[in-house]
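# with the input below, show me the fold.
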Amino acid sequence: MNFISLFITRLIIVFKKFSIFLIIYLIFDIVFFSLVPEDLKSKLYNNRAHRIKSFYYHHDFRPMSSFYDHWGYERYKIYTNSLGFKDKSNRLVEFKDRNILFIGDSFTEGVGIEYENTYVGLIETEIKKKYQNIEILNAGVQSYSTSIYLSKIYHLLERKKMPITDIIIMVSGGDIFDDYYKYMGVGKDYILNHEDQKNKYLIELINFYKSNTLIYQIITRVTPPKVIPGLIRSIFNSKDRNENYSENEQRYFSISNDEIDNISFLNHKDYSYLYSSNEFNQWGRKAIDQSIQNLKEIIKICDQKNIKLNILYLYEPVIILKKPNDNHFNYMISEFEKLENLSQNLKVNFIKDLYNKYNNSYEAYKNLFFINDIHWNKRGNLLVSNEILEKIDF
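Now for the predicted structure:
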């Protein structure tokens, strides 16, 4: 007993010393990191530092943040405004007579592209040439789906009391999969159900730690270990990728049609419900119905507040490169079309005309998307913005 008691006593002493050391180190780290100049800090940040957890709708951007990300053909800088929306700078949002909210997933966030060249940024530029008293807001973030659109829209309108007058929702085929497999529906309190951490205070602590400590930036850059070789190469690569977008893009134009046919995303489970009868009957139809129900709830909320609503369904590269089963695809499209009968304040449009100027789907893909990816490049964002401006009366 004496030995065990002695061991426990020493263990407690070691634990206390370690805890004191850890607290002192974290305080030092937080103070030191707060003194680092913002320009340098934005370069040090891991791109996950400002992609924070949300108690209400799973994840979001941190307000008034700036950091570098890499997707597609260049390393680009992301800014968020005072509301936590991707923007052209860290600016304080001042609401106007009309406040137009865009929401969607990575297509709407505009991954791989600085805000000014995303379809939302391009639309903002065109609208503000005609109207000054309009605010354009982009609430889109990677991996969002209709479940999050519902939860976040309710949060912004009811908890944050934002005076939104117009909402444009961009829905993609991947949303259907995420609604069914990744998220677990929206509760009566409009809080999204999911498997991740749900303790509000712990979420706030994690979010603070991610953005305010240097140790987080270091650890996340070298884990998992497989990222270390790439990190070392990037240190010795002095080229500024921002100046080589066209060069990097041109390098991929030589890809053959056969190589495009073998791109991995064409066989992702996310879209299998559009091709496999077994997948469609097993979960696809139920997933479509679930996503449509989320949109119906959004329509009700918008009607109650007299908000003008536009729902856009995006024809993704998977659909143009690999023809889906007509019955499955037509079922989904018809369910979207039926939504328009539910409200006079609602319009439903399908974003697909941008492909018409190309001779075939391969040329459309090479010109409009990051090669080996499903997201629009700069040219794709431009054509999408033009199509939306033609189809929506702003």
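
# hey, let's count contacts and neighbours off CA atoms from now on
Will do.

# phi, psi of the closest residue to residue 386 other than its chain neighbours?
Setting aside the residues directly before and after it, residue 386 is nearest to residue 123 in space (Cα to Cα, 6 or more residues apart in numbering), at 7.8 Å. Main-chain torsions, residue 123, degrees, to the nearest 10: phi -60, psi -40.

# so for stretch 299-314, mean pLDDT?
Averaged across stretch 299-314, pLDDT comes to 98.

# err, stretch 318-337, not the other one
Averaged across stretch 318-337, pLDDT comes to 97.

# and for it, what's in contact with it?
Under the criterion Cα atoms under 8 Å, 6 or more residues apart in numbering, residues 261, 265-266, 271, 273-277, 280, 288, 292, 348, 361-362, 365, 374 lie in contact with stretch 318-337.

# helices and strands of the protein: which one bottoms out on pLDDT?
When each helix and strand of the chain is scored by mean pLDDT, DSSP states H and E, helix 228-236 comes last, with a mean of 50.

# immediately after that one, which helix or strand?
Counting by DSSP states H and E, the next helix or strand C-terminal to helix 228-236 is helix 245-252.

# off-centre distance for that following helix?
A distance of 24 Å separates the centroid of the chain from that of helix 245-252, by Cα atoms, centre = their mean, to the nearest Å.

# before we move on, what about stretch 362-375?
With Cα atoms, centre = their mean as the basis, stretch 362-375 stands 19 Å off its chain's centre.

# what's the lengthiest helix in the chain packed up against?
Criterion DSSP state H: the longest helix present in the chain is helix 2-35. Counting contacts by 3 or more Cα pairs under 8 Å, 6 or more residues apart in numbering; DSSP states H and E, helix 2-35 is packed against helix 200-212, helix 214-221.

# low-confidence ranges in the stretch 151-300 of the chain?
Residue ranges of the stretch 151-300 of the chain with pLDDT under 70: 197, 224-244.

# on that earlier part again, as JSON lines, the helices and strands packed on helix 2-35 with mean neighbour count would be great.
Output for those, formatted as JSON lines (neighbours: other Cα atoms under 10 Å):
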{"stretch": "helix 200-212", "mean neighbour count": "15"}
{"stretch": "helix 214-221", "mean neighbour count": "16"}
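
# dump those helices to CSV, plus distance to residue 332.
Listed next are the helices and strands packed on helix 2-35 as CSV, based on distance: least, Cα to Cα, whole Å:
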stretch, distance to residue 332
helix 200-212, 36
helix 214-221, 40
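
# count the residues that sit near the residue nearest to residue 386.
Around residue 123 there are 21 other residues, counting by other Cα atoms under 10 Å.

# look up how far residue 218 lies from it.
For residue 123, the distance to residue 218 equals 37 Å [Cα to Cα, to the nearest Å].

# equivalent analysis for residue 87, please.
26 Å.

# just residue 343 next, same as before
Counting by Cα to Cα, the separation of residue 343 from residue 218 is 51 Å.
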